[in-house]
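*Asks:* next comes the sequence, and after it the predicted model I'd like to discuss.
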Amino acid sequence: MNLPYSLIFYIGVTALIVGSLLYVLLYIPKYKCFTEGFGGVARGSGEPDSLRTLPEASQILDILHNGVEANKSMTEGSSDYKEFQLILSKMASLKKDLMSPSGVVEATRYQAFETAHDRINVAEVCGMCLNQTIPSRDLDIVFSTWRDRGNVLLTKLCTEANLTEDNVVKIETTFKRIWEDVYDISKSKCLKTNFSIQNGGSTGGEVGAYTPEHLTDLRSYDYKYGGLSASGWNGNV
């Protein structure tokens with residue numbers, strides 16, 4: 001049976017399209033997608049993650065690594081080392097997302113939740129920061145927990161690595177500087193009102209009283225009329 005030329009034509013075109021799609025799927029190389037922003041890929045690009053936004057963090061890990069070169073399994077492979085590296089990764093990733101012009105949660109969404117030093121998932125913290133909906137108290141709790149747990153881990157790791165006093169001081173100073181850097185950036189990006197600046201440097205969060213200038217020269221009003229108050233009460237019981 002002879003097929004119509006139109007049907008043969010359509011079958012040929014369909015086969016050509018299907019063949020082209022298969023070729024594209026099988027042989028064209030696949031490239032990783034990059035999101036808008038800066039600092040390169042967010043995960044797996046260094047130690048810790050988002051290394052380029054917090055290069056001093058890798059300096060701390062390098063000192064610990066060099067201090068235990070003869071016994072890597074004791075410190076570099078320990079749970080304390082991995083948790084400390086995770087804290088550094090979270091601070092670096094949070095700084096990366098907060099400073100990125102894209103305004104999306106990208107680097108922090110790869111960070112795992114750790115009950116030992118997390119009160120809120122860092123990706124959720126970043127999301128609230130970008131929307132400026134996180135309370136200042138919650139932000140303080142997040143950062144104070146990272147700082148306190150990081151100092152505990154750092155003390156243990158420095159002891160295991162048998163570091164010199166100079167290296168211990170250098171590591172502790174560097175960690176404090178990293179923490180303050182990310183904390184200051186987070187306060188400026190996450191909070192709608194900076195109470196510290198508003199109240200002349202006080203960190204109590206209380207705003208002082210304010211009297212309009214047009215009321216400063218008026219005499220006091222004692223609520224009395226003819227020796228009595230407006231209600232007729234003279235103050236005696």
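*Replies:* Thanks, I have the structure now.

*Asks:* now the helices for the protein?
*Replies:* 5-27, 55-67, 72-75, 79-99, 122-131, 136-161, 165-190, 195-198 (DSSP state H).

*Asks:* and of the ones you listed, who's closest to Ala112?
*Replies:* Taking Cβ to Cβ as the criterion, helix 79-99 is the member of those that comes nearest to Ala112, at 6.8 Å. (Each C-beta comes from the backbone N, C-alpha and C, glycine too.)

*Asks:* that older thread, any idea which of the helices of the chain is most buried?
*Replies:* helix 79-99 (a mean of 23; mean count of other Cβ atoms under 10 Å).

*Asks:* avg pLDDT for that helix?
*Replies:* Here helix 79-99 scores 92 as its mean pLDDT.

*Asks:* what's the answer for stretch 151-164, then?
*Replies:* On average, stretch 151-164 scores 90.

*Asks:* check stretch 186-200 too.
*Replies:* The model assigns stretch 186-200 a mean pLDDT of 69.

*Asks:* quick one: contacts for Glu56?
*Replies:* Shown in contact with Glu56 (Cβ atoms under 8 Å, 6 or more residues apart in numbering): Thr174, Arg177, Ile178.

*Asks:* for Met128, state which of those is nearest.
*Replies:* Closest to Met128, out of all of these and judged by Cβ to Cβ, is Ile178, at 21.8 Å.

*Asks:* spatially nearest residue to that closest one, not counting backbone neighbours?
*Replies:* Distance criterion Cβ to Cβ, 6 or more residues apart in numbering; nearest residue to Ile178, sequence neighbours excluded, is Glu56 at 5.5 Å.

*Asks:* separation between the one you found and Arg109?
*Replies:* 24 Å (Cβ to Cβ, to the nearest Å).

*Asks:* just Thr155 next, same as before
*Replies:* Thr155 is 31 Å from Arg109, by Cβ to Cβ.

*Asks:* now do Gln59
*Replies:* 26 Å.

*Asks:* for Ser79, same thing?
*Replies:* 23 Å.

*Asks:* same question for Pro135.
*Replies:* Per Cβ to Cβ, Pro135 is found 22 Å from Arg109.

*Asks:* and for Thr133?
*Replies:* The value you get for Thr133 to Arg109, if Cβ to Cβ is used, is 18 Å.

*Asks:* any low-confidence regions in the chain?
*Replies:* 1-9, 23-49, 67-77, 193-237 (pLDDT under 70).

*Asks:* what's stretch 133-149 in contact with?
*Replies:* Taking Cβ under 8 Å, 6+ apart as the rule, stretch 133-149 contacts 83, 87, 90-91, 116-120, 122, 125, 128-129, 179, 182-183, 186-187, 190-191, 195, 205.

*Asks:* got the CA positions of that stretch in CSV?
*Replies:* In CSV, the C-alpha atoms belonging to stretch 133-149 read as follows (Å, rounded to 0.1, in the frame of the first residue of the first chain):
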residue,chain,number,x,y,z
THR,A,133,11.2,40.7,60.2
ILE,A,134,13.6,39.1,62.7
PRO,A,135,13.4,40.6,66.3
SER,A,136,16.6,42.0,67.6
ARG,A,137,16.5,39.6,70.6
ASP,A,138,16.3,36.6,68.3
LEU,A,139,19.2,37.8,66.3
ASP,A,140,21.2,38.3,69.5
ILE,A,141,20.4,34.8,70.6
VAL,A,142,21.5,33.3,67.3
PHE,A,143,24.9,35.1,67.3
SER,A,144,25.6,34.7,71.0
THR,A,145,25.0,30.9,70.7
TRP,A,146,27.4,30.7,67.7
ARG,A,147,30.0,32.8,69.7
ASP,A,148,29.8,30.8,72.9
ARG,A,149,29.7,27.4,71.3
